[in-house]
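> from the sequence below, what's the structure:
(one chain, ligands or ions: 2)
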Amino acid sequence: MFRRVGLIGLGTMGPGIAARLARGGVDVVAHDIAPEAMERARAMLDIAGGVLDKLGIEPPETGSGTVSFVLSIAEAVDGADLVIENVPENREIKAATYRAIEPLIGPSVIVATDTSGIPITELQASMDKPDRFVGMHWSNPPHIIPMIEVIGGAATAPATVEAIRDFIRALGLLPVVVKKDVPGFVENRVLYALLREAVDLVERGVIEPEDIDTCVSWGIGYKIAVIGPMALLDMAGMDIYSSVSSFLNQDLCARDDVAPLVRDKMAANTHGIKTGEGIYAYTPERIAELQKERARKLVAIRRILEDRG
Ligand SMILES: NC(=O)C1=CN([C@@H]2O[C@H](COP(=O)(O)OP(=O)(O)OC[C@H]3O[C@@H](n4cnc5c(N)ncnc54)[C@H](O)[C@@H]3O)[C@@H](O)[C@H]2O)C=CC1
Ligand SMILES: Cc1ncc(C(=O)O)c(C(=O)O)c1O
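Ligands and ions are numbered 1, 2, ... in the order given. So this is what the prediction gives:
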């Protein structure tokens, strides 16, 4: 079990990760190059703590850990036995961050990345000690979603993968070890297959955005939370899947670039909630309302799925 974690990057993911680790008894020393991100993270900690209370996640007997904010990477990694990197999904920024971290840590300190899908083998190529480098892919919102993917690259020592898997288990979370270092790992390969098809259907005028959200949330999402895809195949029957996939697979979206709908949104700086408009438009009041409502529903669903309803 790691007792002290250096957390680098406090944007969308960092604050929830800090809150969840601290609730598990870990002392987190957090750093972001942007002072305003550190301020936002402080405010987020209280909100995430309230959600963890509602989830009934108790600290261990030794008590909750702490979260402190520091002004440099050197202070964040000093004395850490694990460093978690949460900087933007950009190879150069990540490589520069590892170059800054590595000279500051001892040989036994593990460095984990929360990359959404850049292969670990690629990222560890810039490291002096790639054997202690590993993927630890949390899902957003990270203080609520219990599943975390663990991915070793070609040069990762098996003991590094095992240490992260055991740490996640000790926190009461659900590690899933991905056996091959494929781009996107597993969660995002599945999610992006769904998103590619959804964007394509909206772009082709087959369905309105609100209607595909209803269709997927109530038709597929609700069911898949209880019955995973492999179990769903058995429930539907291999005969049905074989028959439907024989004509449908060839008609599914197979585009290998970013869809025009998404490129247009990027060009117009309509990135979603973070800019106030994406597929839908959001006022600041609506964003606050949605965040509360989504957290409340995710907490209620998780309690039911854990038979604690
Ligand atoms: N947003 C999401 O839903 C998910 C994102 N991820 C992955 O997690 C990582 C972080 O993603 P987000 O939190 O969404 O990114 P973000 O862009 O919201 O936050 C990144 C933070 O890193 C900071 N930063 C940049 N360079 C830095 C440096 N050298 N030192 C310290 N801080 C630095 C930025 O100021 C920013 O606050 C990415 O690899 C992303 O792909 C993983 C799961 C879900
Ligand atoms: C759109 C999107 N992309 C990546 C991720 C991730 O897991 O890295 C997520 C997420 O929900 O966590 C996501 O929604």
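> quick check: Val67 vs Met13, distance?
Distance, Val67 to Met13, using C-beta to C-beta, to the nearest Å: 14 Å. (C-beta placed from N, C-alpha, C; glycine too.)
> again with Ser116
Separation of Ser116 from Met13 (C-beta to C-beta): 10 Å.
> again with Leu82
Look at Leu82 and Met13: by C-beta to C-beta, they are 16 Å apart.
> swap in Pro142?
Counting by C-beta to C-beta, the separation of Pro142 from Met13 is 6 Å.
> overlap in contacts, the two.
Among the neighbours of Pro142, none is also in contact with Met13 (C-beta atoms under 8 Å, 6 or more residues apart in numbering).
> between the two, which is the more surrounded one?
Set side by side, Pro142 and Met13 show more neighbours around Pro142, with 24 against 21, by other C-beta atoms under 10 Å.
> quick one: pLDDT of the residue of the stretch 151-300 of the chain found nearest ligand 1?
Relative to ligand 1, the nearest point of the stretch 151-300 of the chain is Lys274 (7.7 Å; C-beta to the nearest ligand atom). pLDDT for Lys274: 92.
> quick one: classify it as helix, strand or coil.
At Lys274 the chain is in helix, as set by DSSP: H, G, I helix; E, B strand; the rest coil.
> just give the closest residue to it, not the sequence neighbours.
The shortest distance from Lys274 to any residue other than its chain neighbours is 7.9 Å, reached at Thr12 (C-beta to C-beta, 6 or more residues apart in numbering).
> and that neighbour, backbone torsions?
For Thr12, the backbone dihedrals (degrees, to the nearest 10) come out as phi -60, psi -40.
> cool, and Asn90?
Main-chain dihedrals, Asn90, degrees, to the nearest 10: phi -140, psi 120.
> which SS state does Glu293 fall under?
Under the three-state scheme (three-state DSSP), Glu293 adopts helix.
> within range of ligand 1, give me the residues from the stretch 1-150 of the chain.
The stretch 1-150 of the chain has residues 8-14, 31-34, 37, 86-89, 93, 97, 114-116, 138, 140 near ligand 1, with proximity defined as C-beta under 6 Å from any ligand atom.
> try it again with 8 Å
Contact residues, the stretch 1-150 of the chain versus ligand 1 (C-beta under 8 Å from any ligand atom): 8-14, 31-34, 37, 73, 85-89, 93-94, 96-97, 100, 113-118, 137-140, 142.
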